[in-house]
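Participant: let's see this in three dimensions:
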Amino acid sequence: MTNQSSDSEIFYLEERIKELELRTQIRNNFEEELFKNSFPTEKELAYHKELLGEPQPPFSTIKPKIRRGDPWSLKIPCVIGTVYTGHAYIDLQSPINIMSHAYYNIIKENPFQARRDPYQPYRFCNFVGRAKNMHIFIGCFVYVVDFMILEDLGSIIDSGLSEVVLGKPFAQTSKLTYDKSLGLIRFAQKDNEVVFRMPKEQKN
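Facilitator: Next up, the predicted model:
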């Protein structure tokens, strides 16, 4: 009886240890996934270092990458979520899709709150959070991509142009191709495609 009792206790302890190890692994995986989806990666930070820093005041002398009147600014009309956007701009080099805090809060029923800088609690951090699986409608096509939500887009786009910048993740999902010589942007889905013609720079 004593041996059977001790054997059953050992078996119970081994099973209990396995269960605890499994729970710990699940929790670690969850925290890792949560962290990965909540904060910028090193690659994103390196490309948009100033963009993900403090919001730029309106009087600062910034030089946005996307400027008004630039013939090479790729802009398209589309619907993001439930909101029509006449000019969503495409940055073919950006490793992320970017959306302003205000624009995101118009689309979603559960808006993001402004995020305080942990090192300077009296100031807001430009990086607000990530939005996953947002739908973008172009013509009769729909694409699902993730966005990084920023308090201010002044470091990457000219003031008043747009609240959305589409980067490489969108280009890959939509199979975007850009023909500079013809000034054409194509979006593909199976055997169909949507084509936009970009304005060309006029020569004097």
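Participant: what about the spatially most central residue of the chain, distance to residue 20?
Facilitator: Closest to where the C-alpha atoms of the chain average out (CA atoms, centre = their mean) is residue 147, at 2.1 Å. Here the criterion is CB to CB, to the nearest Å. By it, residue 147 lies 38 Å from residue 20. C-beta here means a position set from N, CA and C on the backbone, and glycine is covered the same way.
Participant: next: residue 189.
Facilitator: Summarising the geometry, the distance separating residue 189 from residue 20, computed by CB to CB, is 47 Å.
Participant: with residue 132 instead?
Facilitator: Relative to residue 20, residue 132 is positioned 31 Å away (criterion: CB to CB).
Participant: settle this for me: residue 52 is touching residue 40, isn't it.
Facilitator: Yes: Residue 52 lies in contact with residue 40 (CB atoms under 8 Å); the separation is 5.6 Å.
Participant: overlap in contacts, the two.
Facilitator: Counting by CB atoms under 8 Å, 6 or more residues apart in numbering, the shared contacts of residue 52 and residue 40 are residue 127.
Participant: check which helix or strand residue 20 maps to.
Facilitator: In this structure, residue 20 is located in helix 2-38 according to DSSP states H and E.
Participant: what's the first helix or strand after that helix?
Facilitator: Next in sequence after helix 2-38, counting helices and strands by DSSP H and E, comes helix 42-47.
Participant: where does this structure dip in pLDDT?
Facilitator: Within the chain, the set of residues satisfying pLDDT under 70 comprises 1-7, 9-11, 26-38, 54-62, 117-120, 199-204.
Participant: swap in 80 and give it another go.
Facilitator: Counting by pLDDT under 80, the chain contains low-confidence residues at 1-18, 20-45, 49-63, 69-72, 109-112, 114-125, 159, 199-204.
Participant: which parts of it are strands?
Facilitator: 74-80, 83-90, 98-100, 116-117, 120-124, 127-138, 141-150, 164-166, 177-179, 184-189, 192-197 (DSSP state E).
Participant: how about those, which one is nearest residue 12?
Facilitator: When the strands of the chain are compared for distance to residue 12 using CB to CB, the nearest one is strand 127-138, at 41.1 Å.
Participant: what's next to the closest one, contact-wise?
Facilitator: Counting contacts by CB under 8 Å, 6+ apart, the residues outside strand 127-138 that touch it are 37-40, 52, 76, 78-81, 88, 99, 101, 104, 107-108, 112, 114-115, 142-151, 166, 170, 174, 187, 194.
Participant: output stretch 84-91 in PDB with nothing but the alpha carbons.
Facilitator: Extracted in PDB, the C-alpha atoms of stretch 84-91 (Å, rounded to 0.1, in the frame of the first residue of the first chain):
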ATOM      1  CA  TYR A  84     -13.500  56.900 -47.800                       C
ATOM      2  CA  THR A  85     -10.000  58.400 -48.400                       C
ATOM      3  CA  GLY A  86      -9.500  60.400 -51.500                       C
ATOM      4  CA  HIS A  87      -5.800  60.400 -51.200                       C
ATOM      5  CA  ALA A  88      -4.100  57.500 -49.500                       C
ATOM      6  CA  TYR A  89      -0.300  57.900 -50.100                       C
ATOM      7  CA  ILE A  90       2.000  55.000 -50.900                       C
ATOM      8  CA  ASP A  91       5.600  55.000 -49.600                       C
END
